[in-house]
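Q: from the sequence below, what's the structure:
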Amino acid sequence: MSSCGIRDTIRFLVQHKMVDCIVTSAGGVEEDIIKCLAPTYVGSFRLDGRTLRDKGINRIGNLLVPNNNYCLFEDWLMPKLDEMLQIQKDTGMVWTPSKAISYLGEAINDPSSICYWAAKNKIPIFSPALTDGSLGDMMYFHSVRNPGLVLDIIQDLRRINTMAVKAVNTGMIILGGGLIKHHICNANLMRNGADYSVYVNTASEFDGSDSGAQPDEAISWGKIKKEAHPVKIYADASLVFPLLVGETFARDYHSNVAETKAD
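A: Below you'll find the predicted structure:
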């Protein structure tokens with residue numbers, strides 16, 4: 001979602017402490033950081049892949065990311081991985097994906113970044129498949145050059161599940177689906193279900209994907225409470241989510257700001 005145009009919307013929520021945690025793919029982390037280093041360009045869904053490959057340009061939907069962006073990312077990231085490995089050796093630090101993301105968020109030090117504000121506000125970003133992307137490629141390269149860095153995914157699993165168990169109420173806003181959707185829902189299974197749930201995706205049940213599973217299916221597993229009134233919106237999250245936030249979180253925030261100024 002950092003790639004598709006709602007990065008600023010998510011950043012707004014994190015900056016103003018309107019969420020308790022985020023679950024994302026590796027792409028959500030790396031694209032957020034890469035956009036602090038170099039621009040992403042708007043292209044077209046119909047651009048020819050072979051031509052783009054010859055020009056060193058990668059397509060993400062209708063967005064274009066030059067190879068050089070990833071070179072800049074590698075140049076920035078490798079020293080940070082060296083630092084993390086040294087901290088691990090010196091202090092016995094047990095790194096997890098969420099701790100690594102927080103470390104990188106502090107290091108990027110850019111207020112346009114989701115990771116920056118998450119680190120600043122101590123909001124954990126969980127990424128159960130952090131190696132599945134450019135970040136994983138860089139970690140692979142680093143492990144060959146300077147082996148030994150370890151990320152403990154079980155600690156993060158315990159952390160997110162414990163957050164769910166100890167929460168008085170929980171609400172899930174799930175954009176898209178797949179691993180991320182299941183990870184959030186499964187944490188709520190540990191507390192016999194989320195109290196509130198909103199899905200935004202375009203997937204259908206008949207495709208056999210987790211993304212297409214209806215909220216009622218989650219109720220059968222105990223991932224959403226039986227008495228809850230979950231909603232699934234069949235829509236492009238990049239179009240709908242900014243509107244949802246604008247009519248709820250943002251309107252409430254700006255209303256409070258206006259009242260404070262009036263006082």
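
Q: assumed I174 was part of a strand.
A: Yes: under DSSP: H, G, I helix; E, B strand; the rest coil, I174 falls within a strand.

Q: for K181, see how far away it is.
A: I174 is 5 Å from K181, where distance means C-beta to C-beta, to the nearest Å. In this view, the C-beta of every residue, glycine as well, is placed from N, C-alpha and C.

Q: what do these two both touch?
A: Shared contacts of I174 and K181, defined by C-beta atoms under 8 Å, 6 or more residues apart in numbering, comprise Y199, N201.

Q: the strands in the chain, which residues?
A: Secondary structure of the chain (DSSP state E): strands at 22-23, 41-42, 57-60, 63-66, 125-126, 171-175, 196-201, 231-234.

Q: so what are the sheet partners of the longest one and their directions?
A: Strand 196-201 pairs in its sheet with strand 171-175 (parallel), strand 231-234 (parallel), by DSSP bridges.

Q: now do the nearest residue to P66 once chain neighbours are set aside against C185, distance only.
A: Leaving aside its chain neighbours, P66 sits nearest to I57 (5.5 Å; criterion: C-beta to C-beta, 6 or more residues apart in numbering). For I57, the distance to C185 (C-beta to C-beta) stands at 36 Å.

Q: between those two, tell me which one has more neighbours.
A: C185 (24 against 18; other C-beta atoms under 10 Å).

Q: would you agree that one is in contact with S220?
A: No: counting by C-beta atoms under 8 Å, C185 stays clear of S220, with 11.6 Å between them.

Q: so the residue nearest to P66 makes contact with L63?
A: No: contact between I57 and L63 fails when scored by C-beta under 8 Å: they sit 10.3 Å apart.

Q: not counting sequence-adjacent ones, nearest residue to V65?
A: Closest to V65 by C-beta to C-beta, 6+ apart is N58, at 4.7 Å.

Q: contact partners for that neighbour?
A: L52, L64, V65, P66, N67, Y70.

Q: which positions in the longest helix along the chain come out as buried?
A: Criterion DSSP state H: the longest helix present in the chain is helix 67-91. In terms of neighbour count (16 or more other C-beta atoms under 10 Å), helix 67-91 has its buried residues at N69, Y70, F73, W76, L77, K80, L81, M84, L85, Q88.

Q: state the number of residues packed around P128.
A: 21.

Q: quick one: the helices in the stretch 101-250 of the chain?
A: Counting by DSSP state H, counting those that start in this stretch, the stretch 101-250 of the chain has helices at residues 114-120, 134-145, 153-166, 179-189, 215-221, 237-247, 249-262.

Q: buried deepest among those, which one?
A: helix 114-120 (a mean of 24; mean count of other C-beta atoms under 10 Å).

Q: tell me which residues are up against it.
A: Residues beyond helix 114-120 that count as contacts (C-beta under 8 Å, 6+ apart) turn out to be 2, 7, 10-11, 14-15, 22, 28-29, 32-33, 101-106, 108-111, 123-125.

Q: now M163: closest residue in space, sequence neighbours ignored.
A: Going by C-beta to C-beta, 6+ apart, M163 has C21 as its nearest residue, at 6.3 Å.

Q: tell me the pLDDT at that neighbour?
A: The model reports C21 with a pLDDT of 98.

Q: that one contacts S127, correct?
A: No: the criterion here is C-beta under 8 Å, and C21 misses it with S127 at 11.2 Å.
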